[in-house]
Structure formats: C-alpha cells, structure tokens
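*Asks:* Sequence below, structure please.
(chains A and B)
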Amino acid sequence: MCGIVGLLAKSSKLRASLGKLATPMIDCMGTRGPDSAGLAVFHEPLDGGRRRFALYSPDERFDWSDMHAAFQHETGAQATIDFSVGHAALVSPAAVEVVKDWLQQHDAEIRLLSVGRAIDVYKDEGHPREIADRYRFEQLSGTHCVGHTRMATESAVSPAHAHPFTAGEDFCLVHNGSLSNPYSIRRRLEKQGIQFETDNDTEAGCRFLEWRMREGDTLEQAIETSFQELDGFFTFLMATADRMVLVRDAFACKPAVAAENDDYVAVASEFRSLAHLPDIKSAHVFEPAPEEIYAWTLSSN
Amino acid sequence: MDPIQQLDLAKLSLRQVNQFLHHELADGGRERIEILNPDGMHSIAVGLDADVAVDIRGHAGYYIAGMNRQARVTVHGNVGWSVAENIMSGTVRVKGHASESAGASGHGGLVVIEGDASSRCGISLKGCDIVVGGSVGHFSAFMAQAGTLVVCGDTGPNLGDSLYEATIFVRGRIHSLGADAREEELTDTDRARIAELLTAAEIGFDPSEFKRVASARSLYHWNADAHQEY
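*Replies:* Residues are numbered from 1 along each chain as shown, chains lettered A, B, ... in the order given. Prediction:
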C-alpha cells in the first residue's frame, strides 16, 4: 500500500498556499505509507536558460553555502542557492552535464533529485509528517504538486527509494502499486544508455515513460504504450511543467479519487485526504476509470 | 429521550460514534441518528444491529455500514471501497457514487447506489439484493452465489464472471460478459422481481427494458479438456 496526492491550482490565488493545502493531504496518507514520503512542487518556469537543480544531502550539517561558493568558483557558472536542512535548490544556467559531473566530483553523497525550469523535489525516509515538518512543506508555494507516502513492498526503504521519481527534465511520477516486469524494462532501457539510480520498480516505469517522450511520443502516447509494456498494478500520478496526469491500470485495484472545481484539481488515494480542501463539499468528486488518461493543464493566467 | 440524535465526527472519535451505535440503540427509543462531518472516514456505522435510521451527511470512506443488520443507513454523498460489505439485513443507500466492491459478499438486505458503482460491485454476493441507479465497473457480480444485482445503466467488462446462482439485470449496455455468464430471456417472474426491487430502491424504470444475465453453469464441473480456456 502507498498513498498518492496531487494538487493543481487553477487560479493564481491558491498558489501561495499550495504547500499549506497539500501538507494535510500528505499527512493524512501517512496511514497508507508510513516509511517515506516526498513531494514534487512546480513553480513558474525560470527564464534565461536557468534550471533548478534539487539536491539532497544525508548530512544534516552539510554546508550548502560552502558548496555554492565552490560550485561557482570551480565551474565558472553563475548560481543562486536556497537551502534548508538536507535540501537545496541550486539555480544556474550551467549545462546539466556540467552540474552532474561537478556534483559527482565534489561530494558523491549529494544526490540530484530533479532538474528543470519548474520542478523542485523533496523526498526522504521517515513518517510523512516528520518529512513535511523537516522540509517545511507548509511554506511551499507553486502552481501544482504531486506527493507520495510509501509503504515499501518490493525494494529497500531509503531516501533514494522514496517517490517522486524523476527522469529527464520537469517530469516526475508517483506510484501506488507494483510492477512485475521492472527488470526487463530496465534491461531494455540500459541498452539505450539510460542509467538507473535504484532497483525500484517505479523508477523503471518513470524512465520508460520519459524515454518514450524523448523518442518523440507525447505523454499520452507514452502512457498508451505503457499499458502494453508495463505489467503489474499501478495508479500513476505524473506532473510536467504545466500538467498533472493520472492513469490507472486495467484492473484498477489501486485506488484514486479526484475532485475538481474552478480553483483546483486535487487527486488522492482516498477522499479523506481531500476533505479539508476549500469548497470540497461542492466540488465535482469522481473516481478515475481504468486505462483512461486524465490530464489537467495549467491555464496561462 | 430525543428520538433524533446528532453525532458529530468533528467532535467525537470514530470509536465513540461506533460504540454509541453498538450499545445505546438496543432500547429502541431513538428513531434516527444523524452523523455529521464524515470527511471520508472509514468504517462508519459498521456492525449495526438495531431498527434505526442512520443518515451520514457527506462523503464517507471505506467499509461504511459493513455487516449491517436491521438498520437503514443512508449516505448523503459518495463512499469509498466496500460499502455494506457482508450486509445481513436492513438497507444501505448511497445517494452519490460508490467505489469498488459495493455490497461485497452481502448475505441479505438491500443495497441501493443511486449514482454509479465502480468495479467488482456485488462480488461474491450471497443473497443480498443490489440496485445501482447508474453504471457498474468491471468484474461486477464476480462469483456471485445468490441474490440479485440490478444495474439501471451500463456495465464494465467481464460482468458476472464465474457466476453461481445470483441473477443480474441490466438496463443499459453490457461491455462484455465474464466466463460462464450468459444472457437469458427475461421472464414474467423476472419482471415482477425487477419491479419489486426498483420500487424498494425508489428508482423508476420499466422492468421490460432490462436484460437478464445468469450462469451457464458450465464451470460447475471440472472439464479437463478445456485447457484453461473459458
């Protein structure tokens, strides 16, 4: 069992309080997934060729300021940094490979959780409430977010095995369920030069979808292909810079409920995660059907 | 004693509410219980055994009114998985939609879903009657042994897979029948039964518009030559 949540602010008035609304959603799903938790939050895209690199350090005393200075000095690239305990968002126009190579050389303990113009990712091991407190989820703002609470069934409990998983840029996925052919998917992708960070089944699903999109598929086409190629149970909630997308496998034995009104779209494993949202009593609440693609796009306002 | 009592789940714990329902209704002095602020909580009004009306005001979670005896439970909203699971008698009515496994393995009584029910509605039904005002999802009435499932809308794939002696009536389109389920001619007895259930459910359709689905009983005996192909 795991819990998934997602919230997309249709109107700009909810964006400042995105984290405040999403935190009880995640906390409530702690009963479905007490091992680890994570949240991907999307912001207005950065301009000027800059990307946000979300970084994780297992060392709570890690000196992010020192790392920031070393990064600028050694790469010659401009960068700004925002950090809290264990997490930093490094914003820089440096090429992705430059940042990855530099991080590897500087401190192999630091992990790159996400890359993109809009995405930022927080994930860690522990009860979802502790993680929400540790990373101050309540203070986060943004356009949309997807979160996960994990009850591990098929691979280790570690910060790296927590969801969301990311691949490429501005793409993430959270998963309730289990895939039964992740290793064959993984072997196929490794032949394409795609590298994996964990032995987690969801990472295989995430990298498969991102690989299809890099090969020219739309996300919808990639999902249609995944219905043929991915074997197992899944409710997938995905997000890109401007979209939140939900699908369930043909058997749909992993739950999902969605609520929509003029201000937001909210998704969760169970309705009780949505019960605190404003005007939920008058929202359109429905259960997403199996093998249907539900995609919600941010409006430009 | 006030014949109507309100229990607010924003102020009382679920355990307090359920313990009240289990222990304080036996004297018959209360006619109606109102449960406020269900907020998607699970297991509300499970295991009731009293002749009382219970109104749950809002969307509720999993296992609502499971194992119900006698009580008439109405949910004024949607419910999650397994509403009225193993119902023995009485009525459970959902004014909105129900998620998976509504009325699962129900032995008796009546379950009414006014909206849609999701997949596996009436799975392993053992004698209860279910009336769904809207549509049902895949594998509904899977291995249903006794009782009736009436679907006023459409059905998802594999309706009545591995059906035993339960009967299914469908007014709309059947996406596909499951293994060993077959469409049969609607009899006068069937029309009378549908009329009776629709009246009890307070849903108005012409019984003649329904199709009857029952077991072909070809799976009742092991066939070694079938090669697992049914």
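
*Asks:* Mind telling me which residue of chain B is nearest chain A?
*Replies:* B:Gly40 (3.2 Å; Cβ to the nearest Cβ). In short, each C-beta sits where N, CA and C put it, glycine included.

*Asks:* Hmm, A:Glu270 and that residue touching each other?
*Replies:* Yes. With contact defined as Cβ atoms under 8 Å, B:Gly40 and A:Glu270 form a contacting pair (6.1 Å).

*Asks:* Now for those two: what residues contact both?
*Replies:* B:61, B:80 (Cβ atoms under 8 Å, 6 or more residues apart in numbering or on different chains).

*Asks:* can you point me to the longest helix in chain B?
*Replies:* Assignment by DSSP state H gives helix B:188-201 as the longest helix of chain B.

*Asks:* What average pLDDT does the next helix or strand after that one get?
*Replies:* Sequence-wise, the next helix or strand downstream of helix B:188-201 (DSSP states H and E) is strand B:211-215. For strand B:211-215, mean pLDDT is 98.

*Asks:* Who are the packing partners of strand B:211-215?
*Replies:* strand B:167-170, strand B:181-184 (3 or more Cβ pairs under 8 Å, 6 or more residues apart in numbering or on different chains; DSSP states H and E).

*Asks:* quick one on the thing from earlier: burial of the residue of chain B closest to chain A, as a residue count?
*Replies:* B:Gly40 has 26 neighbours, counted by other Cβ atoms under 10 Å in any protein chain shown.

*Asks:* okay, it: pLDDT?
*Replies:* Per the predicted model, pLDDT is 97 at B:Gly40.

*Asks:* what does B:Ile35 give?
*Replies:* The model's pLDDT for B:Ile35 equals 98.

*Asks:* try B:Arg30
*Replies:* Model confidence at B:Arg30 (pLDDT) stands at 86.

*Asks:* for A:Thr153, same thing?
*Replies:* We have a pLDDT of 88 for A:Thr153.

*Asks:* Surely it and A:Ser178 touch.
*Replies:* Yes. With contact defined as Cβ under 8 Å, A:Thr153 counts as touching A:Ser178 (5.8 Å).

*Asks:* Between those two, which is the more surrounded one?
*Replies:* Comparing A:Thr153 with A:Ser178 by other Cβ under 10 Å, the one with more neighbours is A:Ser178, at 16 against 11.

*Asks:* Return the distance of the more buried one relative to A:Leu112.
*Replies:* Here the criterion is Cβ to Cβ, to the nearest Å. By it, A:Ser178 lies 26 Å from A:Leu112.

*Asks:* One more: A:Met151?
*Replies:* 26 Å.

*Asks:* Same check on B:Arg120?
*Replies:* According to Cβ to Cβ, B:Arg120 and A:Leu112 sit 42 Å apart.

*Asks:* Between these two, point out the one with more neighbours.
*Replies:* Of the pair B:Arg120 and A:Leu112, B:Arg120 is the one with more neighbours under other Cβ under 10 Å, namely 27 against 18.

*Asks:* residues in contact with that one?
*Replies:* B:Arg120 makes contacts with B:100-101, B:104, B:137-140, B:142, as judged by Cβ under 8 Å, 6+ apart.

*Asks:* near chain A, which of the residues you listed show up?
*Replies:* Filtering these for proximity to chain A (criterion: Cβ under 8 Å from any Cβ of the partner chain) leaves B:100, B:137-138.

*Asks:* Using PDB, write down the CA coordinates of stretch B:81-95.
*Replies:* Coordinates of each C-alpha in stretch B:81-95 appear next as PDB, following Å, rounded to 0.1, in the frame of the first residue of the first chain:
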ATOM      1  CA  TRP B  81     -14.500   0.800  -1.200                       C
ATOM      2  CA  SER B  82     -16.700  -2.000   0.200                       C
ATOM      3  CA  VAL B  83     -19.800  -0.200   1.300                       C
ATOM      4  CA  ALA B  84     -22.200  -2.600   3.000                       C
ATOM      5  CA  GLU B  85     -19.700  -5.400   2.900                       C
ATOM      6  CA  ASN B  86     -21.300  -8.600   4.200                       C
ATOM      7  CA  ILE B  87     -24.700  -6.900   4.900                       C
ATOM      8  CA  MET B  88     -27.100  -9.300   6.600                       C
ATOM      9  CA  SER B  89     -30.400  -7.300   6.600                       C
ATOM     10  CA  GLY B  90     -31.700  -3.800   6.500                       C
ATOM     11  CA  THR B  91     -31.000  -1.200   3.800                       C
ATOM     12  CA  VAL B  92     -27.900   0.700   2.900                       C
ATOM     13  CA  ARG B  93     -28.400   3.600   0.500                       C
ATOM     14  CA  VAL B  94     -25.800   5.800  -1.100                       C
ATOM     15  CA  LYS B  95     -27.100   9.000  -2.600                       C
END
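
*Asks:* and residue 213, what does it touch?
*Replies:* This is for chain A. A:168, A:171, A:219, A:222.

*Asks:* my bad, chain B
*Replies:* For B:Val213, the contact set (Cβ under 8 Å, 6+ apart) comprises B:159-160, B:163, B:167-170, B:174, B:177, B:181-184.

*Asks:* any idea what sits nearest it, other than its immediate chain neighbours?
*Replies:* Using Cβ to Cβ, 6 or more residues apart in numbering or on different chains and skipping the chain neighbours, the partner closest in space to B:Val213 is B:Ile168 (4.1 Å).

*Asks:* so the one you found sits right up against B:Ala141, yeah?
*Replies:* Yes. At 5.3 Å, B:Ile168 counts as touching B:Ala141 under the criterion of Cβ under 8 Å.

*Asks:* out of those two, which sits in the more crowded spot?
*Replies:* B:Ala141 (33 against 30).
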